[in-house]
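Participant: 3D model of this:
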Amino acid sequence: MELAQDKIDLIEKIIKNDKKFTNNEDLYDDFFNETCKRSFLIIKTVTSDVTLEAYLRKIATTSILNVLKSSGRLRRTRDGYISTGEVSLETLTPDTRTDYSTAKISYSSIKIQETPEDIVIKKEILQKVIDSVYAISDAEPEKKYLDLYIMRYEKGMTQNEISSETGLSQSEVSKRLFKLMEKVKQAFN
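Facilitator: Okay, the predicted model is just below:
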């Protein structure tokens, strides 16, 4: 995997600016490798620097969370993620509530609204998927890919329901949906 130095510097900057990087500096190599592995195809296809940076931020955040979870430093709770070294106030027993010297206080995580960049990225991806489905459907109208896509992903129908409505076997519906997704993936590459 060969990346240009400017892309490497950008990934490094994004990782080091992530709030979960603090106190986990020893895992930098893991954060960097995971981010590079997950973002390799995107780096090669996205041409806009602003869009690329937004993509890389999301990928780096996910990569850092995955590395922290796999290293045992982070666990998922009902309210989000919490460091394994922290104890939630709700889980303290009556005995430890009076002895605050050993307790680490953590606060509930807040939900951060999507940034305008996130919204633009999602719209771009969705538009690319829709354009791909239409192009694939136009190229092979006998396969009825557009109808299958609408029933499965817009109406939320199961493969059995689609089978009943179209007269195709469930296995044929499954094969066509799989083939459609493969062709959409190819359109992104």
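Participant: Mind giving me the packing neighbours of the longest helix anywhere in the chain?
Facilitator: The helix that spans the most residues within the chain, counting by DSSP state H, is helix 116-139. When contacts are defined as 3 or more C-beta pairs under 8 Å, 6 or more residues apart in numbering; DSSP states H and E, helix 116-139 sits against helix 49-70, helix 145-149, helix 170-188. Where C-beta positions appear, they are placed from N, C-alpha and C, glycine not excepted.
Participant: list the buried ones in the longest one?
Facilitator: Judged by neighbour count using 16 or more other C-beta atoms under 10 Å, the buried positions of helix 49-70 are 52, 54-61, 63-68.
Participant: Farthest pair within those?
Facilitator: L52 and L68 (24.2 Å; C-beta to C-beta).
Participant: Next, the buried residues of stretch 10-22.
Facilitator: For stretch 10-22, by 16+ other C-beta under 10 Å, it's 10-11, 14-15, 18, 20-21.
Participant: So which of the residues you listed sit within helices?
Facilitator: Per DSSP H, the buried residues of stretch 10-22 map to helices at 10-11, 14-15.
Participant: okay, S83: pLDDT?
Facilitator: As predicted, S83 sits at a pLDDT of 64.
Participant: cool, the one 3 residues further on as well?
Facilitator: E86 carries a pLDDT score of 53 in this model.
Participant: Repeat that for I105.
Facilitator: 61.
Participant: Make residue 1 into 21 and carry on from there
Facilitator: All set: I'll call the first residue 21, so the last point we hit is now I125.
Participant: contacting residues for Y173?
Facilitator: Counting by C-beta atoms under 8 Å, 6 or more residues apart in numbering, Y173 makes contact with nothing.
Participant: Could you measure from the closest residue to S194 other than its chain neighbours over to V193?
Facilitator: Distances taken as C-beta to C-beta, 6 or more residues apart in numbering place Q179 nearest to S194, at 5.6 Å, with adjacent residues excluded. Separation of Q179 from V193 (C-beta to C-beta, to the nearest Å): 5 Å.
Participant: More neighbours: these two, which one.
Facilitator: V193 (23 against 19; other C-beta atoms under 10 Å).
Participant: if I look at that one, how far off is P161?
Facilitator: Taking C-beta to C-beta, one finds V193 at 17 Å from P161.
Participant: Between the helices and strands packed on helix 136-159, which one is closest to F52.
Facilitator: helix 69-90 (8.6 Å).
Participant: Give the other helices and strands that that closest one contacts.
Facilitator: helix 25-37, helix 48-65, strand 94-97, strand 100-103, helix 136-159.
Participant: Identify all contacting residues around it.
Facilitator: 30-31, 34-35, 38, 40-41, 44, 47, 50-51, 54-55, 58-59, 62-63, 66, 94-96, 101, 135, 137-138, 140-141, 144.
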